Each structure stands twice: as C-alpha cells, then as structure tokens.
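Enquirer: When you get a sec, could you give me coordinates for this:
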Amino acid sequence: MFKPSKTHAAIMLVLPVLASACGSAAAAVRVEGQVRAGAGGLANSAVTLWAASAGEPRQLTQARTDGDGNFVLTSQETPAADVILYVLAKGGEATVNKGGGDNPAAAMLAMLGNAPPSKVVINEMTTVASVWTANQFIDGTAIKGNSLGLKIAASNVPNFVNLQTGGWGGAIQDVLNSSATTTMANFATLASLTAGCTTRIRPDACERLFAATTPPDGKAATDTLGALQSVARNSAYRPERLFALLDVFYPIPQGKNLRRPPYMPYLNYAPTAWTLPLKFTGGGLSAPGKIMFDSEGNAWTGVNFIVGTQASDDLWDGNLSKFASNGKALSPETTGYQGGGVEGPGFGTAIDANDNVWVTSTGGRTISLFDKSGKPLSPADGYNFGGQLGIMQGIIVTPNGDVWALDFEKDQVVHLPNGDASKAKFFCRSTDGKPNKDSPCKLNGPFHLAIDQQDRIWITNAIGDTVTRFPANDPSKVEVLPTGGHSGKGMAIDSLGNAWITNTAGTGLDLRVKLKLLELKLTGQMSQLHRVVFDYLHGNSALGNISMLRPDGTPAPGSPFHGGGTWGSWGVVIDGNDQVWSSNFGGASITHLCGARTETCPPGMKTGDPISPAGGYVGGGMQPLTDIALDPAGNVWVADNWQRPQSCFAPYANEATSTLCGGNGLTVFYGMAKPVRAPQIGPARAY
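Expert: From the prediction side, this is the model:
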C-alpha cells in the first residue's frame, strides 16, 4: 500500500483550494461585492443569485457575507438571452449596530441585467431602484415576467443607481432631473427610511416601517423588500404615514439644522405620491406629440418643432424622434429623423407590425412613412395626394394592416388599405356644398381615432361634444354619439370594448369661446386653436374630464368622470388591467382611474374612481402634456409638449424667450401600470 509523504499530503490539501480557484476563474458568472445597510456592511447575510425569465425564477448560487458584508458569487451557467439576473440579500447584522443581532426583516435587492458587472453593492438604494423599475414583475422575493419587460426594467436601474458603488446613477443626477424635480429627494428618503429598519435604528423601527407602508388591503409586509413593494404599488395611498417616519428615525439634532439620514437629500414635506419619475431629451426632441412603442420597446414620437427654432404655434416644423427603453435618444441629435415629407407632426404617430412608423404632419399637410432605422420610405414630399390633405392629426394601424388618418382641418378621413398609399380613399367629405361638419359623419376638428374589437372606427372631435363611429368595412353606416364632454382629444378602447375619451374642455365651453372657435374654423385660422384653448384652460382647473361609452354607444353610469387631476385631459391609454391613464395638458399631471374591471382596482373602488391623488401624479419636470403611453414593463411615458406657452404666441414672445415654446422632454414614471404589448395595434393587449 502506498504511504503518502508529508510533502505529498501538503500538496493534496492545496488541490481543493486550487480547484475552487480555477472553478471561479472559469465561472460563466462571477459577482463580488458588498451588502450594505445604512452607512456600513451587513454581516452574515444570505446572498443569492437568481435568474429571472417568463417562468419561475431559478437559484444559481448562494453565499454568506463576511463580517464587513463582503461576498463572492460564482455560477457556471451562462445566462440565456432572455434571462435577467438579480441578487437578493436576506437577514444579517448591520455593522453600524453591532450587537443588534440578526435582522430577518432586512431584505435587499439589485437587478443586474443579463451581463452583470463584476463588482456589485447591494443596499437600500439598489433596492428602491430595483423595486420601482421591476414593480410589475416582483412578488415577494420572486421576479418573473415577459422577457422584453424584464430587460426594460433592468436597463433602467442604472438611471437611478450605480450598481458598482451603490451611489447615484446617471440620469437622476443630470440637469433635467436632480435639482429640477423632487425625484432625488423622494428616492433618498425612501432609501433612508428603509435603512431605519435594516440597521434597526431603534428597536421598533421595522414594525413602524411595516405599519406605515400597509396597503389598502391591510396586509402589512414582514421585511423591507415587501414594504417597498407595498409603497410602489400604492404610491398615492396615505403617503404622509411613511414621510412621518423621518422625524421618528432621523430627528434634527438639538442645536442643528439638518437631519443625518444615510442618504441625502431628503424631503421637507410629504409627497402626494411616492413616485420616481425621470425626464429624458435629445434626439431632435422639441414638443413631442403622440408616443408609440415598437416591438423592441423603443419609443417613437413626432415632434412639433425643430430644436433651437423660434417656434410658434401657427407653424410646426419638427421631425421624428426615437428613444431606447432606458430613455437614451437614438435619433440624430438636434435634427431627429428627417425627410419623407415630415414637417411638424402633431398627435399622429403609429407603428405597424413590421415596426414601420407612420407620421402625420400639420405644417406639411402630409402622411409620412419611416422604417425602423429612421429611413424615410415615403416620397420626399410625403403622401399628400395632390394637395388634398389639410392639417393632419390622428393616425392608426388596424389589425388587418390598414392605415386610417384624420384631416383635422378639412374634416375628412383618409384610408390606406393595407398601408398602400396608391389606393387611398377619402371619407366623410360633404357632397352637397355644405361644410364638412354637416356631412353625415358630423366631424368637427377630428383629432384622434381608435378601432374596437368589432372593427368599428371611433373618431373624437376637438370642436364638439360627440364621437363619430362607423364599421371599417362600410364607412357609410355612420353613428354620431354624444360623449357628455367637450373638445374630445385622446381615445382608447379597453378589453371589453368600452371607449374612453378625454375631454379637454370638460363639461362645456362658454358661448364666447364657442363663437371664437367657430370664427377660426370659418376663416381658416385653425392654427390658432391651441391659443384659444390655452387661454381658456389657464387658471381653470375644473375643466377636463374623461368619458366612457359602452360598446352600444351609451354612456357608462357616472360618465364623464372628473377626478384624480383631470385638468385639460388630452391623451388616454388602457393598461393590462383595464385601468385608465390620461395625460393632462392644463394640470401637467397624470390621472389614473379605476376601469371597467373593478376587480383589478384597490378595494372598494368602482369604475371611474380616481386612483391618482386629487391633483394627479405630478413631478418629473412635467410640462403641459399631450400624449401618454405604456411600455412592456409598465412604465408610463408622457409627452412634455409646451414649455413656456407665452412664447408660442405673438405678441407674448420676445427674443430672450423665443425658443422656449416647445416642451423639452419625455417624462417616465416607473413600474406603475400593468404592462401591454408593443407595438399596440388595435386595443391594448395584456401579457
């Protein structure tokens, strides 16, 4: 029998260590880092690497932190392209509170994406960022969902936090956000209040946190991760409860001026909702109109003005902009995408099944077509059909590939069968010499349109209180339906076939304004419409509501609905839960209403009840808004359309402010809505 020597025995003892080291070096995924609670490490915390996809999440590997919160995770598995990795830290003892013992209520998270950084800090900041961006996909400690939505969620985490340092990310610190909005203070306050529990800043800190974050159903969380999920999903529900913990956890020291929370800045007064909006610009964006998403989650919008121009509302000259799902501009800086006849798009952007982008123009009086790379496919002068088009607004693609567009100026409907401009047809024209508004369609400033599950086209009228409806295969069979609201703008169809219409002027215009609008119509001065509307809306927060018409054309009980911030309502969309979201031009806010499927709403709510605060969701540098859109991660995007309205109209504009007419961004509220599929063709489709 072989008897090993002392030297051989020593070599044998070293081999497992070398094998482990080689295994780590060859690992497909290796993440080292630190778990931090407040200003120090979290010792003896269980750290787990998970793979998230459409199915149940899979645990890849686990480790425990050392006395300073450090850890190393290795996995031999290469993540598939549709997998998002995340790291979860549970329990542990905060080094800033040594002797406090293990804290099972401490639970923190970091969404890493498909290719994680080699070094990661997991702390309250990464947890807040990950919970808000992945809000629609997280349930307790499990994350799963559609692959595009997960990708979008993970790609937005670095906008809030630097995963390698646990400090601030890029977008939240830039000039459009940081001191320009309350998002940094909202974010840091949430992180500091979470740290009150993870560090056990006082013996009852966790119990107080859970009580202050208890959702409407009364089911309190049992760890910090659950508490933050409750807040993210019920952001407007009694937000003052959580804010009050600042005084409990971090009172201002005697003789001092500032609190000393672990994260700065902090809020000085309670928010109306714990939202975390960020604003983005670039790519030729100035006064965005309609927002649509392509199959990759990129946002497209026609813009009213050319960047840097001395813009005015009577001449729109802008182009087309594209943004990645993380807010990065993809279209050319300053100019955006040009050509194809695009000149001053308004509320007309649509995307077909091939990711081609259809755009209508107000200044150019055209319809344009671009491919997904931004290359124009329409002629240099666009499709104008020998000058038959006027100021154009809404455009949609239907499930069978047809394109329908609205002529706001000439009160007519344009139909391109299967998107073929050579086969264009015109409907709703008057044939007896009367104004088009007296045609059977009764169009009067047609603004936007939608198609329902019965293949019926619905059209809003910006100058009036009706919608027009007809079968797509027989536009002669016209119905004119009263909405109960005036100046219809946006429209969306829910999964039950109900039509939701935003009424910018609410329950009505006074006679003076009606006569002025009629004068503009008769004298061909429709370009002045927005000035008249703005002057009327300004200072009148009671104006604006949202109508719901059932599939048979009758109004729903209680319609139109006014609440949750509906001041000058403009765009409207339906989420995957059939809840209703509108953008508000007058209030520069977002309204969120309970929809027709009340079982998806907070307990006790009925159709039309506001979920958003009385003034709507605010912040994020929002300006007077046109459109609102939902992406596959449940993020809510809005178009900041006007910046300084006085600069849009003579004689208010002057040299110093003459470039400030157009709004300067897209604002994104993270993880707030049930995701919908993109591109949206027909009614919204949930996953």
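Enquirer: give me the element residue 541 is part of.
Expert: Per DSSP states H and E, residue 541 falls between elements, in no helix or strand.
Enquirer: hang on, I meant residue 47
Expert: Using DSSP H and E, residue 47 falls in strand 46-52.
Enquirer: quick check: mean pLDDT across that strand?
Expert: The average pLDDT for strand 46-52 rounds to 98.
Enquirer: Could I get the CA-only coordinates of the helix or strand following it as CSV?
Expert: Using DSSP H and E, the next helix or strand after strand 46-52 towards the C-terminus is strand 58-64. Only the C-alpha atoms of strand 58-64 are listed here, as CSV (Å, rounded to 0.1, in the frame of the first residue of the first chain):
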residue,chain,number,x,y,z
ARG,A,58,-34.1,29.8,-10.6
GLN,A,59,-31.5,30.0,-7.9
LEU,A,60,-28.0,29.8,-9.4
THR,A,61,-25.8,30.1,-6.4
GLN,A,62,-25.6,31.4,-2.8
ALA,A,63,-23.1,32.7,-0.3
ARG,A,64,-22.9,34.4,3.0
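Enquirer: Strand 58-64 pairs with which strands, and in what direction?
Expert: strand 46-52 (antiparallel) (DSSP bridges).
Enquirer: which residues are in contact with the partner strand?
Expert: For strand 46-52, contacts defined as Cβ atoms under 8 Å, 6 or more residues apart in numbering pick out 29, 31, 35, 57-65, 71, 73, 75, 77, 79, 83-92, 122, 137, 143-145, 150. C-beta: built from backbone N, CA, C; applies to glycine.
Enquirer: Mind checking which of those residues land in strands?
Expert: Using DSSP state E, the subset of the contacts of strand 46-52 located in strands is 29, 31, 35, 58-64, 71, 73, 75, 84-90, 122, 143.
Enquirer: Quick one: buried ones out of these?
Expert: With burial judged by 16 or more other Cβ atoms under 10 Å, the buried subset of the ones in strands among the contacts of strand 46-52 is 29, 31, 35, 60-61, 63, 71, 73, 75, 84-90, 122, 143.
Enquirer: Where does pLDDT dip in this structure?
Expert: 1-26, 509, 526-531, 533-534, 537-539, 650-653 (pLDDT under 70).
Enquirer: could you pull out the helices for it?
Expert: Listed from the start of the chain, the chain has helices (DSSP state H) covering 6-25, 124-133, 147-160, 183-198, 205-212, 224-233, 240-243, 245-249, 511-522, 529-537.
Enquirer: Turn those into TSV, columns for distance to residue 601.
Expert: Below are the helices of the chain laid out as TSV (distance: least, Cβ to Cβ, whole Å):
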stretch	distance to residue 601
helix 6-25	49
helix 124-133	21
helix 147-160	22
helix 183-198	24
helix 205-212	23
helix 224-233	12
helix 240-243	21
helix 245-249	27
helix 511-522	35
helix 529-537	29
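Enquirer: closest one to residue 272 among those?
Expert: Smallest distance to residue 272 across the helices of the chain (Cβ to Cβ): 9.4 Å, for helix 240-243.
Enquirer: Now do the closest one: which elements does it pack against?
Expert: Packing partners of helix 240-243 (3 or more Cβ pairs under 8 Å, 6 or more residues apart in numbering; DSSP states H and E): helix 183-198, helix 205-212.
Enquirer: Now do the buried residues in that helix.
Expert: Neighbour counts using 16+ other Cβ under 10 Å place 242, 243 of helix 240-243 among the buried residues.
Enquirer: How about exporting that helix as PDB, limited to the C-alpha atoms?
Expert: Output in PDB follows, covering the C-alpha atoms of helix 240-243 (Å, rounded to 0.1, in the frame of the first residue of the first chain):
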ATOM      1  CA  GLU A 240     -47.800  61.000   4.800                       C
ATOM      2  CA  ARG A 241     -47.600  57.900   7.000                       C
ATOM      3  CA  LEU A 242     -44.200  56.900   5.600                       C
ATOM      4  CA  PHE A 243     -42.900  60.500   5.500                       C
END
